[in-house]
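J.: Compute the structure for the input listed below.
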Amino acid sequence: AGDVVRHILTLVDQGTREVVLTGVDLTSYGSDLPGEMSLGRLVKHILKLVPDLPRLRLSSIDHVEADPHLLDCLASSERLMPHLHLSMQAGDNLVLKRMKRRHSREDAIRFCQDARTARPDVVFGADLIAGFPTETDDMFRNTLACIEACGLTFIHVFPYSARNGTPAARMPQLPGGVIADRARTIRQLAARRLETFLKSHIGTTTEVLMEKNGIGRTRQFAEVAVECSPPAGSVVHAHVRRYDGRRLQGEAAA
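T.: Residues are numbered from 1 along each chain as shown. Down below sits the predicted model:
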């Protein structure tokens with residue numbers, strides 16, 4: 001944890017306004033370290049020891065491994081961004097079991113409810129696989145229902161494709177057309193949910209961290225194009241005027 005904190009202190013001294021913690025299995029952080037360490041404890045250390053860091057964001061997490069300290073940070077610190085991306089993969093328990101995932105659909109729904117209780121403005125993204133072998137129509141509908149129950153906003157959809165040598169490749173495969181149809185159905189639902197979320201910003205003033213070409217991100221990861229193109233790395237308050245079908249459009253507030 002000390003090395004991570006020192007590295008972030010250096011980045012902040014160099015002008016970094018947002019740090020993203022990322023990793024292949026981020027929520028397993030600390031399991032190979034001496035003493036009691038976890039992702040939530042690491043986040044607490046960063047927020048305490050790097051007070052000049054305006055924004056700390058997490059990349060994809062395995063929500064079933066999220067520790068209570070992480071939810072404590074979400075509830076207590078505005079500097080931890082209210083955007084969590086979940087490694088969900090599916091919303092049907094039998095499919096999840098066959099994927100050898102560590103969570104159930106109920107675990108995912110419960111985590112989203114607990115996180116919203118801790119931080120009402122939190123938004124969720126998720127990775128979802130369409131057309132996993134043996135997935136029936138009912139199983140697929142369970143995934144669609146889970147999207148709604150969890151209130152997902154930013155959804156990454158992956159049509160299943162077999163990889164030689166894996167257990168899934170030896171299972172009965174679905175026709176390619178079925179896989180494509182299911183991926184399209186999830187993407188259409190995802191697009192509607194994202195549009196609803198983005199349109200809810202219209203008429204509000206929101207904090208935006210500028211990235212490049214006049215485009216930045218809100219605390220909830222929504223993309224905003226800001227008139228007059230403030231410099232990359234600056235944090236501005238933008239009044240959101242409209243949604244153009246791709247991203248929000250706004251102007252820097254006076």
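J.: Just the CA coordinates for stretch 5-14, please, in PDB.
T.: Output in PDB follows, covering the C-alpha atoms of stretch 5-14 (Å, rounded to 0.1, in the frame of the first residue of the first chain):
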ATOM      1  CA  VAL A   5       0.400   5.900  -2.100                       C
ATOM      2  CA  ARG A   6       3.900   7.200  -2.800                       C
ATOM      3  CA  HIS A   7       3.300   6.800  -6.600                       C
ATOM      4  CA  ILE A   8       0.000   8.600  -6.400                       C
ATOM      5  CA  LEU A   9       1.600  11.400  -4.400                       C
ATOM      6  CA  THR A  10       4.100  11.800  -7.200                       C
ATOM      7  CA  LEU A  11       1.300  11.900  -9.800                       C
ATOM      8  CA  VAL A  12      -0.600  14.500  -7.800                       C
ATOM      9  CA  ASP A  13       2.500  16.700  -7.500                       C
ATOM     10  CA  GLN A  14       2.800  16.500 -11.300                       C
END
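J.: which parts of that stretch are buried?
T.: Within stretch 5-14, the residues scored as buried using 16 or more other C-beta atoms under 10 Å are 8, 12. C-betas here are computed from N, CA, C, even on glycine.
J.: now do stretch 32-51
T.: Of the residues in stretch 32-51, those buried (16+ other C-beta under 10 Å) are 38-47, 50.
J.: then it to PDB, C-alphas only?
T.: Extracted C-alpha coordinates of stretch 32-51, given in PDB (Å, rounded to 0.1, in the frame of the first residue of the first chain):
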ATOM      1  CA  ASP A  32      -0.900 -11.900  -1.000                       C
ATOM      2  CA  LEU A  33       0.400  -9.200   1.400                       C
ATOM      3  CA  PRO A  34       1.300  -9.500   5.000                       C
ATOM      4  CA  GLY A  35      -1.200  -8.200   7.600                       C
ATOM      5  CA  GLU A  36      -4.800  -7.200   6.900                       C
ATOM      6  CA  MET A  37      -5.000  -5.400   3.500                       C
ATOM      7  CA  SER A  38      -7.800  -5.200   1.000                       C
ATOM      8  CA  LEU A  39      -9.000  -2.900  -1.800                       C
ATOM      9  CA  GLY A  40     -11.200  -1.000   0.600                       C
ATOM     10  CA  ARG A  41      -8.400  -0.500   3.100                       C
ATOM     11  CA  LEU A  42      -6.100   0.700   0.200                       C
ATOM     12  CA  VAL A  43      -8.700   3.200  -0.900                       C
ATOM     13  CA  LYS A  44      -9.000   4.500   2.700                       C
ATOM     14  CA  HIS A  45      -5.200   4.900   2.900                       C
ATOM     15  CA  ILE A  46      -5.100   6.800  -0.400                       C
ATOM     16  CA  LEU A  47      -7.900   9.200   0.500                       C
ATOM     17  CA  LYS A  48      -6.300   9.900   3.900                       C
ATOM     18  CA  LEU A  49      -2.700  10.200   2.800                       C
ATOM     19  CA  VAL A  50      -3.200  12.000  -0.500                       C
ATOM     20  CA  PRO A  51      -5.700  14.800   0.500                       C
END
